[in-house]
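In: Pasting a predicted model and its sequence here:
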Amino acid sequence: GDGRKVYAAVYLSGNGTTTVSGEDAVRLGRAAQLYLDNIPYGAVPKQGPIVRRMDGRWQDDQGRDWTSAVPFDLPDYDVFVIDAAAENPTVIEPIGNVGTVLFDLAVQPGSGEVWVSNTEALNFVPHEPRLRGKFARNRVTRIALAGNAAPEVQAVELNPHIARSGDGGSPQERNLSLAQPLNLVFQPDGGIAYVAAFGSRKIGVLDRAGRVVDRIAVGFGPAGLALDARRQRLYVLNHLDLTISVVDLRQRQTVATVPLRHDPTPAEVKAGRQLFYDAAATSRHGDLSCAMCHVFGDTDGLAWDLGDPAGPRIDYPVKLKNTGLLEPRQSLHPLKGPMMTQSLRGLAGTAPFHWRG
């Protein structure tokens, strides 16, 4: 508020994970340890684990030490505090453990806390069956900056009502869920914040501690928020609908929807958006969508191990022209090891290389 500091967040900041090569897994004699017992087939593709830095060592999700196979450091800094009052503005505090994909920053009036809307990826956990219905979290992270003390970082889960055990999922549960939190705005006294849940057609109402206390239905793809505090109106840009919702904050409900004048979006793009972005329509708990990893149709910059140790081999879904480099069986193995999230931009004609999708 006094203009002395600026806070900057890294959009695709990652979560401090990296991969170990398949060659190193073989060299260390651990390749067989990466798979579940009683795999119903013989040889598996050469692959290594996803690891992250914990307690000064590179460990996989089972706590095995792979430090000798990772010859570099990987700082996980997400938010940077910049001294804007200095003659030459400089970074005075890098802050980690905020989130994986960071969408917005807002400073809470009164406390001066920095709040960051974000999603946290669980790519550290291998194999698709273990990630089904729970591969990411939707959060607001609170950062308290107190003088010379280290910043206090506290992540607040936006969907504590979700029961992750078992298959779960119900219309009631999905109706409460908030997916992909984007823009954040505060009431002038800092007691209430509003967050646009892009994948949920909702605005989350948060209390002073960041806990969800209410939800307001708006249009498809709420992204941008503008608060008129005097009249207690919230204006919501619904990016995927190309509309603006006018919300009466005293009643906490939408009182008008205004279409934008021109929508150039092709019909086939509109038809696919619900499948891609709408978490309530496409996930069991209403908190996840394709866009959580393929962020805005692109990539999260992470590697995931989405193989299935109990899965069968399958035939290639298309006839390949150049098969000289492929194994004689011409089928696809259910284990594929860590692979980067693929951008969906320019995907036409690449089907053999994104076969599990």
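Out: Sure thing, it's come through. Residues are numbered from 1 along each chain as shown.
In: Contacts only, for the nearest residue to residue 73 once chain neighbours are set aside.
Out: Closest residue in space to residue 73, ignoring its immediate chain neighbours: residue 53 at 7.9 Å, by CB to CB, 6 or more residues apart in numbering. Placement of C-beta: from N, CA and C, glycine included. Neighbouring residues of residue 53 by CB atoms under 8 Å, 6 or more residues apart in numbering: 16, 59, 73-74, 76.
In: so residue 53 sits in a strand?
Out: Yes: the assignment for residue 53 by DSSP: H, G, I helix; E, B strand; the rest coil puts it in a strand.
In: Residues in a beta bridge with it, which ones?
Out: residue 58 (DSSP bridges).
In: Give me the distance between it and residue 23.
Out: Going from residue 53 to residue 23 by CB to CB, to the nearest Å gives 21 Å.
In: do residue 98 as well
Out: From residue 98 to residue 23 the distance is 34 Å (CB to CB).
In: Can I get the contacts of residue 53 in CSV including neighbour count, pLDDT and secondary structure?
Out: Below are the contacts of residue 53 laid out as CSV (neighbours: other CB atoms under 10 Å; pLDDT from 0 to 100; DSSP: H, G, I helix; E, B strand; the rest coil):
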residue, neighbour count, pLDDT, secondary structure
16, 19, 94, coil
59, 18, 95, strand
73, 7, 90, coil
74, 13, 88, coil
76, 16, 90, coil
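In: Closest to residue 66 out of the residues you listed?
Out: residue 59 (6.8 Å; CB to CB).
In: got a list of what that closest one touches?
Out: By CB under 8 Å, 6+ apart, the neighbours of residue 59 are 51-53, 65-66.
In: any chance you could map the helices in the stretch 1-150 of the chain?
Out: For the stretch 1-150 of the chain, the helices defined by DSSP state H, counting those that start in this stretch occupy 22-27, 128-131.
In: And the longest one, what's buried?
Out: With burial defined by 16 or more other CB atoms under 10 Å, the residues of helix 22-27 counted as buried are 22, 24-25.
In: With respect to residue 259, which of the residues you listed is nearest?
Out: Checking the buried residues of helix 22-27 one by one against residue 259 (CB to CB), the nearest turns out to be residue 22, at 52.7 Å.
In: Dump the helices of the stretch 1-150 of the chain into JSON lines; add mean pLDDT and distance to residue 261 as well.
Out: Formatted as JSON lines, these follow (pLDDT from 0 to 100; distance: least, CB to CB, whole Å):
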{"stretch": "helix 22-27", "mean pLDDT": "87", "distance to residue 261": "54"}
{"stretch": "helix 128-131", "mean pLDDT": "92", "distance to residue 261": "42"}
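In: TSV for the ones you listed, including distance to residue 113?
Out: Converted to TSV, the helices of the stretch 1-150 of the chain look like this (distance: least, CB to CB, whole Å):
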stretch	distance to residue 113
helix 22-27	42
helix 128-131	32
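In: Out of those helices, the one nearest residue 147 is which?
Out: Across those, closest to residue 147 is helix 128-131 (CB to CB), at 40.6 Å.
In: List the buried residues in the closest one.
Out: 128, 131.
In: that older thread, adding distance to residue 267, write the contacts of residue 53 out as CSV.
Out: Output for the contacts of residue 53, formatted as CSV (distance: CB to CB, whole Å):
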residue, distance to residue 267
16, 42
59, 49
73, 49
74, 44
76, 42
